[in-house]
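> any chance you can model this:
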Amino acid sequence: MLTLSLVGTLGSCVEKKENNLTAEAQSLFEKSREITLRYTDSLCQAKDSATLLRLISGYEDRMTKLNFEYPAETDLVIDEGQNDTLIKLSLRYISVRDSMLYRIAHPEMFRDTLAADSVAVNDSILSSHTSDSQSRE
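Coordinates of the predicted model:
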């Protein structure tokens, strides 16, 4: 009888720990989702490389600190749907980050608004002026 009650008590402790870990996993998911969304939006607004670098470093630091706020293996308890959501958000963050890094590393050159090459036009004008000045002499 004593053994049976002991097993029942141990089983209820394991169940409470599992429920607590599930609640923590839900909290970890929500905070991870919020941080990733905010940093992705901020990356889209970055105007220069210093801002971009600060945001990238801030995201990595914040996510590292967040994961250390929870017990080990809490992320393993996040359900499959939530895990898929975090993967999609993380891939979106990476895509935006890489796009912004590329944009800053390869600035777009503004196209000339003239229909023809301005140097060729200037050369032809110059040659006509030169021939006019020579004919006047």
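
> rest of the way, CA atoms for contacts and neighbours
OK.

> low-confidence ranges, this protein, go.
Counting by pLDDT under 70, the chain has low-confidence residues at 1-19, 109-137.

> do a quick rundown of the strands in it.
With DSSP state E, there are no strands along the chain.

> Thr36: how many residues sit nearby?
By other CA atoms under 10 Å, 19 other residues sit near Thr36.

> and what of Ile104?
Ile104: 15 surrounding residues under other CA under 10 Å.

> show the contacting residues for it.
48-49 (CA atoms under 8 Å, 6 or more residues apart in numbering).

> roughly how far does it sit from Arg33?
Per CA to CA, to the nearest Å, Ile104 is found 26 Å from Arg33.

> swap in Asn83?
Counting by CA to CA, the gap from Asn83 to Arg33 is 10 Å.

> next: Gly58.
For Gly58, the distance to Arg33 - CA to CA - is 15 Å.

> same drill for the two, tell me which one is more crowded.
Neighbour count, other CA under 10 Å: between Gly58 and Arg33, Arg33 has more, with 17 against 13.

> I'm done for today, thanks for sticking with me.
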